[in-house]
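Enquirer: Here's my sequence, what's the structure:
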Amino acid sequence: MGFFNNVKNIKDKALESGYIQEIEELQGVFDKIDEQADIERENKRAEREHFESLSIDEKVEYKRIQKRNKRIKRLGLYGLTVAGMATGVGIPVLMAANVGAILSDDDLTFDKDAHDARVRKLKGKQAKGIPAKKPREYFKISYDKEGHPKVSTLVDVDPYNLEERYEMLMREV
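Expert: Down below sits the predicted model:
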């Protein structure tokens with residue numbers, strides 16, 4: 001869904017750096033790219049607003065349907081690839097499909113709207129007073145006066161029996 005948006009971002013970077021010399025000849029193509037990118041951006045914004053307006057249960061169902069549709073598309077692509085391989089043209093079909101997936105990936109180029117939405121979401125969480133999760137400490141190693149390691153775990157059980165192993169080693173010596 002982000003193909004034209006990615007092409008528009010690449011075009012803007014090329015225009016900023018001055019790589020394209022004959023800009024007047026390509027203006028019609030640039031206008032079409034910009035129009036399609038605006039349509040994609042509006043569709044994406046409308047979809048995001050729709051998603052944000054859903055309840056929690058509806059959001060879960062919406063994500064499940066999106067995941068199902070994505071898997072169906074992938075399954076169809078695999079079927080097309082297998083059929084192409086049976087006829088001897090599988091590798092070009094697979095390459096074309098992967099190129100299409102890469103070019104339509106929304107993370108290929110920077111999207112300011114998506115970035116701003118993520119920043120607003122994170123700021124909203126901070127404004128609500130939701131504290132950041134502290135990393136859980138699964139184990140801690142301390143040393144006694146003699147320098148022997150003492151392990152305390154999340155549930156205060158030594159899963160590796162370090163003390164027992166240490167005692168066995170010391171008995172053998």
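Enquirer: any idea which helix or strand comes after the lowest-mean-pLDDT helix or strand in the chain?
Expert: The helix or strand of the chain with the poorest confidence is helix 90-103; it has a mean of 64 (mean pLDDT, DSSP states H and E). Using DSSP states H and E, the helix or strand that follows helix 90-103 towards the C-terminus is helix 112-127.
Enquirer: Show me the strands in this structure, by range?
Expert: Along the chain, counting by DSSP state E, strands occupy 139-143, 149-153.
Enquirer: And the last one, what's buried?
Expert: Residues Val151 are the ones in strand 149-153 that count as buried (16 or more other CB atoms under 10 Å). Backbone N, C-alpha and C define where each C-beta goes, glycine included.
Enquirer: Who are the packing partners of that strand?
Expert: For strand 149-153, the elements it packs on are strand 139-143, helix 162-172, judged by 3 or more CB pairs under 8 Å, 6 or more residues apart in numbering; DSSP states H and E.
Enquirer: can I get those in TSV with mean pLDDT and mean neighbour count?
Expert: Putting those into TSV (pLDDT from 0 to 100; neighbours: other CB atoms under 10 Å) gives the following:
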stretch	mean pLDDT	mean neighbour count
strand 139-143	85	10
helix 162-172	84	10
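Enquirer: will you turn those into TSV that also has distance to Lys128?
Expert: Below are the helices and strands packed on strand 149-153 laid out as TSV (distance: least, CB to CB, whole Å):
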stretch	distance to Lys128
strand 139-143	32
helix 162-172	43
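Enquirer: Between those, which one is closest to Asp57.
Expert: Minimum separation from Asp57 across these (CB to CB) falls at strand 139-143, 38.5 Å.
Enquirer: Can you tell me how far Gly147 is from Glu167?
Expert: 15 Å (CB to CB, to the nearest Å).
Enquirer: Let me fix that, I meant to ask about Asp34.
Expert: 74 Å.
Enquirer: Please apply the same query to Glu47.
Expert: For Glu47 relative to Glu167 (CB to CB), the value is 63 Å.
Enquirer: What of Thr153?
Expert: 19 Å.
Enquirer: Same check on Gly28?
Expert: Gly28 is 82 Å from Glu167, where distance means CB to CB.
Enquirer: burial measure for Asp12, as a count.
Expert: Per other CB atoms under 10 Å, the neighbour tally for Asp12 reads 15.
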